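Trainee: with the sequence up front, the predicted model follows.
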Amino acid sequence: AQTVTQSQPEMSVQEAETVTLSCTYDTSESDYYLFWYKQPPSRQMILVIRQEAYKQQNATENRFSVNFQKAAKSFSLKISDSQLGDAAMYFCAYFSNTGNQFYFGTGTSLTVIP
Amino acid sequence: GAVVSQHPSWVICKSGTSVKIECRSLDFQATTMFWYRQFPKQSLMLMATSNEGSKATYEQGVEKDKFLINHASLTLSTLTVTSAHPEDSSFYICSASRGGTGFQETQYFGPGTRLLVL
């Protein structure tokens, strides 16, 4: 069964610094997608970044970038120049085209220290 | 663009009553809508996937007779919790995708509905 693991329940970062959130997944599929979602205190889920497994290039969105290691089944999120508004729960998610299954990880709570 | 609303944002009801939650895509047509449940300080659990005009696909372990989903139009899906009990108390979140029927499309999430069953 596919699983998504976020081993860091809580993380903190100093404002303007860089932080990396880890995510690993288990799959036997080759065609899949990976996502990072942010859930701020308002509870509104927001897509941060997505990565197609067939793409070797790591996805980037402004201050957010991923380190996608397909062989290691690792998909970490790097937040550069952290801002107070980045404080939220971050969920890693996996989707397989083959099985049409979608899984969220358990989340990492990020605190940004002024 | 790509705004999804939910109504109500919170609801308190007595045990045994039914509660309907609406999910609307305000500025786009949503081919597929998804319903999730989130317990406090936990991750989201996918309950079901609904496509406009067809029956919803429920995840394993989710009672379809308990959680009725209707996707009547390309902008509206409803989740009805029938004969609600205290254990149904939770945060219910819907999401919608613009095109396609799979999760590879970007999902746009609603703000969620907090249900408390007394």
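Mentor: Structure's in. What do you need?
Trainee: show me the shaky parts of chain B.
Mentor: B:1, B:99-105 (pLDDT under 70).
Trainee: contact residues of it facing chain A?
Mentor: Residues of chain B lying near chain A by Cβ under 8 Å from any Cβ of the partner chain: B:34, B:42-46, B:91, B:93, B:95, B:102-104, B:106-112. For the C-beta atoms, the positions are set from N, CA and C on the backbone; glycine is no exception.
Trainee: spatially central residue for chain B, please.
Mentor: Nearest residue to the geometric centre of chain B (Cα atoms, centre = their mean): B:W35, 3.4 Å.
Trainee: could you dump the lowest-mean-pLDDT helix or strand in chain A to PDB, C-alpha only?
Mentor: Using mean pLDDT, DSSP states H and E, strand A:101-104 stands out as the lowest-scoring helix or strand of chain A, at a mean of 81. Only the C-alpha atoms of strand A:101-104 are listed here, as PDB (Å, rounded to 0.1, in the frame of the first residue of the first chain):
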ATOM      1  CA  GLN A 101      -5.400   6.900  -5.200                       C
ATOM      2  CA  PHE A 102      -4.600  10.000  -3.300                       C
ATOM      3  CA  TYR A 103      -2.900  10.200   0.100                       C
ATOM      4  CA  PHE A 104      -2.000  13.000   2.500                       C
END
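Trainee: and the contacts of that strand?
Mentor: The contact list for strand A:101-104, computed with Cβ atoms under 8 Å, 6 or more residues apart in numbering or on different chains, reads A:2-4, A:25, A:37, A:91-95, B:34, B:43-46, B:103.
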